[in-house]
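K.L.:
Here you go, sequence then predicted model.
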Amino acid sequence: MKKNYFALTACMIACLLLGACGGSGAGGESVSSEPAADAESSLVYFTSDISAEGLVKIYDTLGWSPEGKVAVKISTGEPPASNYLRPELIGDLVKKVNGTIVECNTAYGGSRSSSAMHKQVAQDHGFTAIADFDLMDEEGEVEWPMTGGSRFDKVIVGSHAENYSDWVILSHFKGHAMAGFGGAIKNVGIGISSPSGKVYVHTAGTKTSGSIWYDDQDAWLEALAEMVSGFSSHVGEEHIIYINVMNRLYVDCDCDGNPAEPDIHDIGILASSDPVALDQACVDLIYQAEGNESLVNRMESLHGIHTLEHAQEIGLGSRSYQLVNIDE
């Protein structure tokens, strides 16, 4: 399989992680702390400070101002030992935006497949102590139209999604057993879908009940991107920001309650208004990280980059970006 052709060079990444220079764009652009004049590139901000303070700082750098009720979409994490983003890390940001933490129930069983159990997980993991918690599909689901895609013409989300005007998509970047990797696009594409909507995405629009396993890998990855496009179009892209935390990096998703141990050192926090550029930047950082063999193998064996290829094709965002280090 062809490797990611937007990968940053080792020199660029070393410079960034050491704080010696600003972030760079993808696609062979020069390294600079100031973004180059490229209309095709999106800004992605980086900090190596994985802390509550660092998270608030990178949020402030985006210069985003919500206009109404704010949903903060996270993964509550599957018990007993998944690497979900801890409340002590995200609490200050959630409070700053006066956000409600939102989730939907799973479609594969586990401890978060019913509302009662899922609420207990949210409490056990400390999320109800820092903010209101809303299971968006607890009272059903709604369909939003999707245009411009090739896999389906609607997305199916928890009905409470209509109660929010502004969204912070706060994701733990890591591997994933079906998508190769999970970042901002996966957090929306699966995480905001109701259980039947999850089946709909996983099976590329062919059904809304039954198993999530599907034998056309590229088709489901395309559907994943299209769901996010439908969500973004309905909500309005100006009402959404995306933040990826690159810590506890490993091959398994936070939906795995007994994940593999991390084999890559923590990297940082990245943020953007463009989910495609954001996930691409994280992928590029993984390619240059020490100890990346298992995660790169997972991404490539599942053709994970195709999600971003299709997302760019349908106009969700750009794989070309300017990476700006805010630590300088």
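P.N.:
In hand now; what should we look at?

K.L.:
Name the nearest residue to residue 321, sequence neighbours excluded.
P.N.:
Nearest non-adjacent residue to residue 321, counting by Cβ to Cβ, 6 or more residues apart in numbering: residue 277, 3.8 Å away. Every residue, glycine included, has its C-beta placed from N, CA and C.

K.L.:
no wait, residue 294
P.N.:
Closest to residue 294 by Cβ to Cβ, 6+ apart is residue 251, at 5.0 Å.

K.L.:
Count the residues that sit near that neighbour.
P.N.:
24 (other Cβ atoms under 10 Å).

K.L.:
For it, give me its contacts.
P.N.:
174-175, 259-260, 263, 294-295, 298 (Cβ atoms under 8 Å, 6 or more residues apart in numbering).

K.L.:
Give me the phi and psi for it.
P.N.:
Backbone geometry at residue 251, expressed as degrees, to the nearest 10, gives phi -80, psi -20.

K.L.:
before we move on, what about residue 268?
P.N.:
Residue torsions, per degrees, to the nearest 10, at residue 268 are phi 160, psi -170.

K.L.:
re earlier: now restrict the contacts of residue 251 to buried residues only.
P.N.:
174-175, 259, 295, 298 (16 or more other Cβ atoms under 10 Å).

K.L.:
now the strands for the stretch 1-150 of the chain?
P.N.:
For the stretch 1-150 of the chain, the strands defined by DSSP state E, counting those that start in this stretch cover 42-47, 70-73, 100-103, 133-135, 141-145.

K.L.:
what would the ones you listed look like in TSV with distance to residue 200, mean pLDDT and mean neighbour count?
P.N.:
Shown next, in TSV, are the strands of the stretch 1-150 of the chain (distance: least, Cβ to Cβ, whole Å; pLDDT from 0 to 100; neighbours: other Cβ atoms under 10 Å):
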stretch	distance to residue 200	mean pLDDT	mean neighbour count
strand 42-47	28	98	23
strand 70-73	18	98	24
strand 100-103	18	98	23
strand 133-135	19	98	20
strand 141-145	10	97	16
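
K.L.:
one step back: list just the nearest of the contacts of residue 251 to residue 52.
P.N.:
For the contacts of residue 251, the residue nearest residue 52 by Cβ to Cβ is residue 174; the value is 20.0 Å.

K.L.:
surely the closest one meets residue 245?
P.N.:
No - the pair residue 174 / residue 245 is not scored as a contact, 9.5 Å apart, by Cβ atoms under 8 Å.

K.L.:
and the nearest residue to residue 40 once chain neighbours are set aside, how many residues sit next to it?
P.N.:
What sits nearest to residue 40 in space, not counting adjacent residues and going by Cβ to Cβ, 6+ apart, is residue 320, at 5.1 Å. Residues lying near residue 320 (other Cβ under 10 Å) number 21.
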